[in-house]
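In: Quick one, structure for this:
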Amino acid sequence: MIVGQSTAVVAALVRETRTIPIVFINVGDPIGSGFVANLSRPDGNLTGFTTDNSELGGKWVELLKAIAPNTMRVALLFNPATVVPLKTFMPSVHAAASSLAIQVDPAPVHAKDEIEVVIAAQAGDARGGLIVMPDPFNATNDEQIVQLAAAYRVPAIYYRRSNYAELGGLIAYGSDFAEQFPEAAPYVDRILKGAKPADLPVQGPTKFYLVINLKAAKALGLSVPLSMQQLADEVIE
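Out: Numbers count the residues shown, from 1 in each chain. I've put the predicted structure just below:
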């Protein structure tokens with residue numbers, strides 16, 4: 001059997017085999033990606049753990065607005081070749097943006113030198129903000145993204161607590177991707193003992209983390225409400 005991490009890796013594995021059992025980790029939209037027929041009964045040689053939670057997009061918009069109240073225009077930073085499918089998050093993004101009168105603009109990039117163009121464009125409007133979407137490309141360039149957001153003074157929210165907030169990112173909200181590795185171990189064990197992937201339901205994230213970097217907020221001239229700090233799982237000072 002094979003264990004594969006990320007949507008792009010599993011897509012490559014699927015092109016190679018539809019018979020060898022595969023347990024996937026940190027995959028977005030496994031149905032839309034063609035990996036499984038449905039979540040409760042995958043009906044094929046794949047099962048595993050998805051990062052999907054369609055409401056996350058709306059939470060990113062709401063939290064960014066809460067920590068940076070002047071935000072009225074938000075760019076979604078992603079690479080079309082590697083991003084978790086945007087359609088997973090867009091209904092909740094648009095619903096939250098509409099309720100808060102925020103304009104949302106997809107901002108696709110294809111190379112690291114394009115990142116600064118997007119962030120600089122947001123800095124051109126004092127009401128601009130940034131949502132860094134779940135994307136291996138963004139993860140690879142996390143330090144550059146955080147540094148540019150700070151340099152251009154653009155409030156940004158990130159999809160994972162590790163890396164981004166620790167590097168100086170303003171705020172992060174999402175599931176802990178690392179947790180899916182130990183969660184996958186029992187599936188691996190059961191399949192090696194004869195279970196079929198088709199009989200093991202695809203599971204989604206169950207816990208989400210909010211991390212706020214007060215140092216980054218101060219540098220941006222933002223005052224984080226105490227109530228928001230109390231909701232956070234971690235506050236970096």
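In: contacts, neighbours, all on C-alpha from now
Out: Will do.
In: Find me the pLDDT at the most centrally placed residue in the chain, would you?
Out: Central residue of the chain (C-alpha atoms, centre = their mean): Pro134, 2.9 Å from the mean position. Note for Pro134: predicted pLDDT of 88.
In: isn't it right next to Tyr164, touching?
Out: No. Look at Pro134 against Tyr164 with C-alpha atoms under 8 Å: they stay out of range, at 11.8 Å.
In: Can you get me the start-to-end distance on stretch 70-85?
Out: Using C-alpha to C-alpha, to the nearest Å, one end of stretch 70-85 lies 28 Å from the other.
In: Tell me which residues of it come out buried.
Out: 71-79, 82-85 (16 or more other C-alpha atoms under 10 Å).
In: Next: stretch 107-118.
Out: Quick answer for stretch 107-118 (16+ other C-alpha under 10 Å): Ala107, Pro108, Val109, Ile115, Glu116, Val118.
In: Wasn't the residue nearest to the centre of the chain part of a strand?
Out: No. Pro134: not assigned to a strand; according to DSSP: H, G, I helix; E, B strand; the rest coil it is coil.
In: Quick check: phi and psi on it?
Out: Dihedral pair for Pro134: phi -60, psi 120, per degrees, to the nearest 10.
In: how much space between it and Pro106?
Out: Taking C-alpha to C-alpha, one finds Pro134 at 13 Å from Pro106.
In: joint contacts of those two?
Out: Phe78 (C-alpha atoms under 8 Å, 6 or more residues apart in numbering).
In: I'd like to know which of the buried residues of stretch 70-85 is nearest to Gln144.
Out: Nearest to Gln144, judged by C-alpha to C-alpha, of the buried residues of stretch 70-85 is Leu77 at 12.8 Å.
In: ok, now how distant is the closest one from Leu64?
Out: The value you get for Leu77 to Leu64, if C-alpha to C-alpha is used, is 14 Å.
In: what do you get for Asp52?
Out: On the measure of C-alpha to C-alpha, Asp52 and Leu64 end up 20 Å apart.
In: So for these two, which residue has more residues nearby?
Out: More crowded of Asp52 and Leu64, by other C-alpha atoms under 10 Å: Leu64, with 23 against 20.
In: got any ranges where this protein has weak pLDDT?
Out: For the chain, applying pLDDT under 70 flags the ranges 162.
In: Tell me where it has strands.
Out: 2-5, 22-27, 46-50, 73-78, 103-108, 128-132, 156-158, 171-175, 208-213, 234-236 (DSSP state E).
In: Tell me the strands beside the fourth one, with direction?
Out: Looking back up the chat, that one is strand 73-78. strand 103-108 (parallel), strand 128-132 (parallel) (DSSP bridges).
In: Can you tell me which of the ones you listed is nearest to Pro155?
Out: Comparison of the strands paired with strand 73-78 against Pro155 by C-alpha to C-alpha identifies strand 128-132 as nearest, at 5.1 Å.
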